[in-house]
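*Asks:* What follows is a predicted protein model with its sequence.
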Amino acid sequence: MSPRGPRVAHVQAPAWPHPWLQDLLTRLPGHGWEPLAVTLAAEGPLHRSFRAAGVPSLALDSAHRRQYVWAAIRLARAIRDVDVVHAHLFDAAFVSTVAGAIARKPVVITRHEGPALV
């Protein structure tokens with residue numbers, strides 16, 4: 001764990017804003033956590049909204065599955081100082097699991113199942 005508090009990278013595929021994710025990551029610092037917002041996609045509105053709220057973000061710029069190996073390598077480098085990776089949905093979970101294995105970091109996966117996501 002980091003001396004200032006646990007650092008967590010939240011990884012998701014799309015780069016459009018999600019109110020629940022924005023709410024979560026902007027509240028984490030108040031509870032001693034240091035969040036990092038990561039998307040598999042290119043820079044987008046999500047990154048701008050996080051930076052405006054003071055949350056660091058990273059775009060892996062890998063919109064296609066054929067780019068996921070490189071995304072995992074880039075993510076593994078980015079999570080060297082992270083304590084845990086929290087992946088949301090399948091694509092982010094795949095890339096995060098590979099990156100976590102490379103960087104020797106634990107990965108938590110949330111599937112977010114439901115009819116709206118099928």
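*Replies:* Thanks, I have it.
*Asks:* May I ask you to name the longest helix in this structure?
*Replies:* If you go by DSSP state H, the chain has its longest helix at helix 90-103.
*Asks:* What lies in contact with it?
*Replies:* 11-13, 40, 60, 62, 65, 68-69, 71-73, 75-77, 79-80, 85, 87, 105-107, 109, 111 (Cβ atoms under 8 Å, 6 or more residues apart in numbering). Just so you know, the C-beta spots here come from the backbone N, C-alpha and C atoms, and that holds for glycine as well.
*Asks:* Now that we have those residues, which of them are buried?
*Replies:* Neighbour counting with 16 or more other Cβ atoms under 10 Å marks 11-13, 40, 60, 62, 68, 71-73, 75-76, 79, 85, 87, 105, 107, 109 as buried within the contacts of helix 90-103.
*Asks:* Among these, name the ones in helices.
*Replies:* Within the buried ones among the contacts of helix 90-103, residues falling in helices by DSSP H are Tyr68, Ala71, Ala72, Ile73, Leu75, Ala76.
*Asks:* Who are the contact partners of the first one?
*Replies:* Contacts here follow Cβ under 8 Å, 6+ apart; on that basis Tyr68 touches Leu40, Ser62, Asp91, Phe94, Val95, Val98.
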